[in-house]
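S.K.: generate coordinates for the sequence data below:
(2 chains)
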There are 2 protein chains.
Amino acid sequence: MIVRTLSVVAAVFVAIAATPHAQEAPPLLGFSAPSAVEQYELERRFDEQLQADNLREWMRLLTAEPFWTGSPYNREMAEWTAEQFRDWGFDVEIEEYQVLYPLPRIRELELLSPTRYTAMLREPPVEGDATSAIEENRLPTYNAFSADGDVTAELVYVNQGVPADYEVLENMGIDVEGKIVIARYGGSWRGIKPKVAAEHGAIGTILFSDPIDDGFVAGDVYPDGPYRMEHGVQRGSVLDMPQYPGDPLTPGYGATADAERLAIDEAPTIMKIPVLPISYSDAAPLLEAMGGPVAPRSWQGGLPFTYHIGPGPATVRLHLEFDWDLAPALNVVARIEGSEYPDEWIVRGNHRDGWALGAADPISGLVTLMEEARAIGELMETGWRPRRTIVYAAWDAEEPALLGSTEWAEHHGAELREKAALYINTDGTGRGFLNAGGSHSLERFITQIARDVDDPKTEATVLERLNAAIAANGDFEEAMRDDIRLSPLGSGSDYTPFLQHLGIPSLNLSFGGESGGGSYHSQYDSFDHYTRFIDPDFAYGVTLTKVTGRATLRFAQADVLPYRFSNLADNVSMYAEEIEEIADRMRQETTQRNRLIQEGLIELAADPTEPFVAPSPDEAVPHFNFAPLLNAIAELESEARAYDGLLQTVQAQGLSASQMARVNQNVMEIEQLLTDERGLPKRPWFRHQIYAPGFYTGYGVKTLPGIREAIEEREFELVDEQMRRISDAIERVNARLEEAAAVLGRPVT
Amino acid sequence: MIVRTLSVVAAVFVAIAATPHAQEAPPLLGFSAPSAVEQYELERRFDEQLQADNLREWMRLLTAEPFWTGSPYNREMAEWTAEQFRDWGFDVEIEEYQVLYPLPRIRELELLSPTRYTAMLREPPVEGDATSAIEENRLPTYNAFSADGDVTAELVYVNQGVPADYEVLENMGIDVEGKIVIARYGGSWRGIKPKVAAEHGAIGTILFSDPIDDGFVAGDVYPDGPYRMEHGVQRGSVLDMPQYPGDPLTPGYGATADAERLAIDEAPTIMKIPVLPISYSDAAPLLEAMGGPVAPRSWQGGLPFTYHIGPGPATVRLHLEFDWDLAPALNVVARIEGSEYPDEWIVRGNHRDGWALGAADPISGLVTLMEEARAIGELMETGWRPRRTIVYAAWDAEEPALLGSTEWAEHHGAELREKAALYINTDGTGRGFLNAGGSHSLERFITQIARDVDDPKTEATVLERLNAAIAANGDFEEAMRDDIRLSPLGSGSDYTPFLQHLGIPSLNLSFGGESGGGSYHSQYDSFDHYTRFIDPDFAYGVTLTKVTGRATLRFAQADVLPYRFSNLADNVSMYAEEIEEIADRMRQETTQRNRLIQEGLIELAADPTEPFVAPSPDEAVPHFNFAPLLNAIAELESEARAYDGLLQTVQAQGLSASQMARVNQNVMEIEQLLTDERGLPKRPWFRHQIYAPGFYTGYGVKTLPGIREAIEEREFELVDEQMRRISDAIERVNARLEEAAAVLGRPVT
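M.R.: Numbers count the residues shown, from 1 in each chain, chains lettered A, B, ... in the order given. Here you go, the predicted structure:
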């Protein structure tokens, strides 16, 4: 048995064999001892099927031409992919939705004064990159769901364009009203930047990739190294996804051919101003032409001149027009029905569309999903069938706004809430350490998988290597934790509709940390780039397949679904503490800042030769009643401990089939009990009370979002109601855990 | 009476008058109430004399031609300056020392491969800067006390070239043995960089000013703004001053014409390898030609390409030859004898030599010293005489190694230890907030001065503005402290021989914080640069004159010398705590790091595709006996409180003349009791047990240096002995304070 330990030297040289002999299978959450032995044998056979060459050759094929949603190659590959799944023994459907998919017709950006420069707005071929010269069906560099517009105005440099940057501008007396802002990528999801700019009255936004973030300051640029070269552009969506993702015309329901649709000008998530992404080669002449105050030190990027804020004298014209047509989102959905529990589903997805040639994003993930399915097909060839239903999904139209997955999840929402026990997402992968995010009830489950899979480049397991990195990074305590801590999920990939809209327990998995680069959403995210710099031998691709394959197979085969709720309690308790600390710190900082303002000290400390606008005092931060939440969490800790303990005990003794069925039905729905039909303030689509993307971070998660954002955004009047909703959700879980424990034989109190 | 408070609004609008009416003088440390009234009247008359135009016109004259030590204009201005002091009524001498002063004969730097580039090594004229085109007697760009050498080797980029950077290189398996290193300025005093390079076997060092530090990344470059333009070079000394400053041939005694001298090749402080400073325009082709691993993120500078570490393929030839001649250091020393206490001296100094045209460094400080002396001359015109002796000194040859001041202090050491009550240093000044460093016994004294001088650009006092900045910066507690905390002094200016060799209480004063720039030690530190960007109307120059003038006059006139020892106790106690914390942290970090190494976790966490050399475990950090030190400090707190308290009481009651004389003689020597004749480990010249420049920081201070450096440098066997010496020094102070208190009427215990 492999004991999890920091004594890696011993572990490495003594206990190398990751898959133990059948007779001595380590304990496996949700499996009886005999089932565990069978499971390990199944996984051994699964692993035997895996071939790195499949990943490589599929990637070569899938990235041979542009395959954005609506392109010819997208449809061709949908059909090819469906065919593969069919060959492997799955029932396959291409489920098609008609989604709004704007395509650029006019893209013009010109510096009009004090000098003239016409932006190139294109990515030239690069030596040694076979696909970089492809012109046919190439999608230009643009931001999907930008508004149409033809605007001319002075530029203002707003750093990363997040709310805090506008506070700095305000204190300098600089207003973006009627201006075009130029913001560098980073600090938030890109869609936040034009949204905040528009909130402040800007009439256009230019986004650029600063070399300090993923260009030459970070490392050698393509093709010498993996980082963004001077002409590389980050395409991407600017739909207001923190409001709701998916088709902007069909909020909350599937964008089927005959669905009712909002008019485009009614759709609340479409950006209100024109937005265009550019390279640093196009950004440099604009930034260099700017005057006004020198940008604060932390705003200075990597270009070789001093950045100024403006406004002007640089004046630009930004002219964008789009064709606002519907396009077909082709989700390839393959399934094999469970032999014992056909109505308990494991859904495993990765998107299949990309902005350009998308080798890393999304194909590196898609090929691991395909290899997983192929290996399971091989198992099925021998007559094996999963106990539960497995659904493989290759989502289309993820890039513009999680369109394919969201429409599918909305369309099949009722069935999914009834049947889905787990959604497993990937979205590309690289080299290095396991990145695991997801529902905290899955921590023990993931930890056991990481314990059982070897890192391909060292003599250690994936778990040992991850914990070594955490320890080497200085966090011994975290490295010693019983389980991997799953990062809570914000947004940015297809798990969002499953987790945050439907409340289905979700995972998001990849490897990374040793394959940095700057090809993201550019023409240079190619087969050549990937196989030179990211995972040249697809060793980590295969390792990810072992990880996700185990996740799929263990959930499909477990006697009792392998949730462990003490981990949920542990993390939620930590989040509550964090938020109490945030409130305390904000209260103290507000008091101090107000005092500084009221006593004139900020002004007195400011350089009298620089422009200065005295800040206004903030509303004092009240004390909040955390008691309902803390009481609910305390009970959760106790109920979870009881259920988790009983599961372990009865698992050893064996459970009757009907007990198992009843427990599974009970616990499958627990994540859903954490949702609230009323959703979050300002965005009812987001129902989960524990996890949400931040309203002003976009991808970055906000845990316990109802109270966290109410406090952070100083909407203090919302806190009590949100506290109640979160507490109620936890109390629903507590009651359900009590019921589940009763099934396992605990007397009802 | 002005109460020190954070309620600046009230202070500003109610109590604007900084100098109160004669009858209601605020309490003044060391003055009886009637003396204080007189003193305020004296200071009022002093202030009336001050004229910003003098500062401007003297700066214009003094910076009209290069005035490095040994140049014709240096001698001409020595004589002119002496003449001014004579005109103002002082006894003046030009005290001349013959100091080693190498001047470059050959300076060649060439990139030989993979491309060729010959470094320009010169600073061209700049539009709008009248003196930038001066060629006659211009001192080339070089590092004084570099070795002669003609070396050819591959380059290695070592970041800032401090010991921690070499640990990073070691872990990457990169050795600088036999290589030429290229280091950017910053992170330590420049002389540390070639010293550490030579310790690691490098055969040459190139220093460059990276734009990330004081070039375009920091702000607009000259002449558009104050920062370093592409051709600006930072000259400077690389003598091993942390060993001993001053003439390398006459350690510890004055370099008089007939002094015995070491042979040049015996002088231990002369750099062992050739060193040359270059601009970023000259550095760019060298750095861009380098290969090898990408530099760590924090090593990346502001040039527009990815920095690599090498070694090579860039190969350079560095050829330097110097004329190793003696030059005359001309100290202008002016004095007026005290009417009551001629043998109690206040020494007030600023250097008078510069690398190029030195407007900021040193002339902006020198002109404040001159204006102070002129104003005192005006007071003397009316028949007034100081009670104590005042000595004004314009030091020569500070730039190459504090030569003028050190030789003078060594030459007159015995007399100074007998007579000097205070050394007040300035070394250039700018715009903004008071920067005050020095002996902690002077904190109350400086605080009362800052309380009594108005900031020239706001409606607040210098003290209020400084505390506003500290509070606005988030440190409310420090802003509320009873007194300004004086920064402990390391090195980098002429206070070093007085404070750290002789043990004379010292101050170093300037204004700054709102006048950043990059003209330091370049041709562009000019009158034009200073009057455009630093202190255009000399308002802060005049304010500094008010501050230093009060410091001189209050020490000259006080009934009892205005030291307050509770502040010494407070700070020393803080330092002891810091060092205990450092030892505890090092102990914990060493344990953790050794564990990571021993369990193979650092290797396991490392990228297997990158070069990696496993680090070795460190010796465990033992527990040290801090008890002697803490006991001595506890007694110091008590003795200091008693003395300070008695001084306040008896001051109110009045003291007899003989009491005053005895107390003053007692307390004048207290700082000297903090020195130890044996000096610090590896550097006996540095005797002060509380303050020293760091052996591996150069300018940066190390407080309680004997124990702090022994612990930091893991020379644990030294700690006990050093702890004893520091404790003994503090106990000598305790005994002396008891004697002084007895003179004031406290019963001897």
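S.K.: quick one: neighbours of the closest residue to A:L486 other than its chain neighbours, just the number.
M.R.: In space, and not counting its chain neighbours, A:L486 is closest to A:G438: 4.7 Å by CB to CB, 6 or more residues apart in numbering or on different chains. Heads up, the C-betas are built off the backbone N, CA and C, glycines and all. A:G438 has 26 neighbouring residues, counting by other CB atoms under 10 Å in any protein chain shown.
S.K.: give the bridge partners for A:G438, please.
M.R.: Per DSSP bridges, the residues bridged to A:G438 are A:L507.
S.K.: how close does it sit to chain B?
M.R.: Distance, A:G438 to chain B, by CB to the nearest CB, to the nearest Å: 23 Å.
S.K.: do the same with A:G178
M.R.: 26 Å.
S.K.: same deal with A:D396?
M.R.: 34 Å.
S.K.: that residue contacts A:V333, doesn't it?
M.R.: No: counting by CB atoms under 8 Å, A:D396 stays clear of A:V333, with 10.6 Å between them.
S.K.: list the contacts of the nearest residue in space to A:F498 that is not next to it in sequence.
M.R.: Nearest residue to A:F498, sequence neighbours excluded (CB to CB, 6+ apart): A:Y423, at 3.9 Å. For A:Y423, the contact set (CB atoms under 8 Å, 6 or more residues apart in numbering or on different chains) comprises A:V347, A:R348, A:G349, A:Y495, A:F498, A:L499, A:I504, A:P505, A:S506, A:L507.
S.K.: A:D396 and A:V333: which is more packed in?
M.R.: When neighbours are counted by other CB under 10 Å, A:D396 and A:V333 differ, and A:D396 comes out ahead with 33 against 22.
S.K.: backbone dihedrals for that one, please?
M.R.: Taking degrees, to the nearest 10, you get phi -100, psi 160 for the backbone angles of A:D396.
S.K.: cool, and A:G291?
M.R.: Dihedral angles (degrees, to the nearest 10) for A:G291: phi -120, psi -150.
S.K.: now the one 4 residues further on
M.R.: The phi and psi values for A:A295, taken as degrees, to the nearest 10, are phi -60, psi 150.
S.K.: my read: A:I711 touches A:V719, true?
M.R.: Yes: with contact defined as CB under 8 Å, A:I711 reaches A:V719; the gap is 6.3 Å.
S.K.: anything in contact with each of the two?
M.R.: Common neighbours of A:I711 and A:V719 (CB under 8 Å, 6+ apart) are A:F624.
S.K.: helices of the stretch 401-550 of chain A, start to end?
M.R.: Residue ranges of the helices in the stretch 401-550 of chain A, as given by DSSP state H, counting those that start in this stretch, are A:403-411, A:413-419, A:443-452, A:462-472, A:476-479, A:495-496, A:527-529, A:539-557.
S.K.: more crowded one of A:I711 and A:V719?
M.R.: Taking other CB under 10 Å, A:I711 and A:V719 do not tie; A:I711 has more neighbours (23 against 20).
S.K.: what mean pLDDT does the helix or strand containing the more buried one get?
M.R.: Element membership for A:I711, per DSSP states H and E: helix A:705-712. Taken as a whole, helix A:705-712 has a mean pLDDT of 97.
S.K.: same check on stretch A:34-41?
M.R.: 95.
S.K.: buried residues in that stretch, which are they?
M.R.: For stretch A:34-41, a neighbour-count test (16 or more other CB atoms under 10 Å in any protein chain shown) marks A:S35, A:A36, A:V37, A:Q39, A:Y40 as buried.
S.K.: what's the closest of these to chain B?
M.R.: A:Y40 (24.9 Å; CB to the nearest CB).
S.K.: next one: phi and psi at the closest one?
M.R.: Torsion angles, degrees, to the nearest 10, at A:Y40: phi -60, psi -40.
S.K.: pLDDT score assigned to the nearest residue to A:F476 once chain neighbours are set aside?
M.R.: Distances taken as CB to CB, 6+ apart place B:Q592 nearest to A:F476, at 6.3 Å, with adjacent residues excluded. On pLDDT, B:Q592 comes in at 93.
S.K.: count of neighbours near B:Q592?
M.R.: 14.
S.K.: thought it was touching A:D475?
M.R.: No: using CB under 8 Å, B:Q592 is not in contact with A:D475; the gap is 10.4 Å.
S.K.: where in chain A is the helix or strand with the lowest mean pLDDT?
M.R.: Lowest on mean pLDDT, DSSP states H and E among the helices and strands of chain A sits helix A:8-14, with a mean of 36.
S.K.: any idea what the residue nearest to A:F498 is bridged to?
M.R.: A:V347, A:S506.
S.K.: chain neighbours aside, what residue packs nearest to A:N594?
M.R.: According to CB to CB, 6+ apart, the nearest residue to A:N594 is A:P617 (4.2 Å).
S.K.: could you do A:E123 as well?
M.R.: Nearest to A:E123 is A:Q523, by CB to CB, 6+ apart, at 4.1 Å.
S.K.: again, but for A:P693
M.R.: That would be A:S491: by CB to CB, 6+ apart, it lies 3.5 Å from A:P693.
S.K.: for A:A183, name its beta-bridge partners.
M.R.: A:L207.
S.K.: hmm, back to that, now the residue nearest to A:F498: how far from A:T429?
M.R.: According to CB to CB, to the nearest Å, A:Y423 and A:T429 sit 17 Å apart.
S.K.: would you agree A:L42 is in contact with A:L553?
M.R.: Yes: A:L42 is within contact range of A:L553, at 6.2 Å (criterion: CB under 8 Å).
S.K.: now do the same contact list for A:V151.
M.R.: A:I180, A:I203, A:G204, A:I273, A:P274, A:R317, A:L318, A:H319.
S.K.: name the nearest of those residues relative to chain B.
M.R.: Using CB to the nearest CB, those come closest to chain B at A:I180, 23.1 Å.
S.K.: could you dump the helices of the stretch 401-550 of chain A to a markdown table with mean neighbour count?
M.R.: Output for those, formatted as a markdown table (neighbours: other CB atoms under 10 Å in any protein chain shown):
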| stretch | mean neighbour count |
| --- | --- |
| helix A:403-411 | 29 |
| helix A:413-419 | 16 |
| helix A:443-452 | 24 |
| helix A:462-472 | 25 |
| helix A:476-479 | 14 |
| helix A:495-496 | 30 |
| helix A:527-529 | 23 |
| helix A:539-557 | 25 |
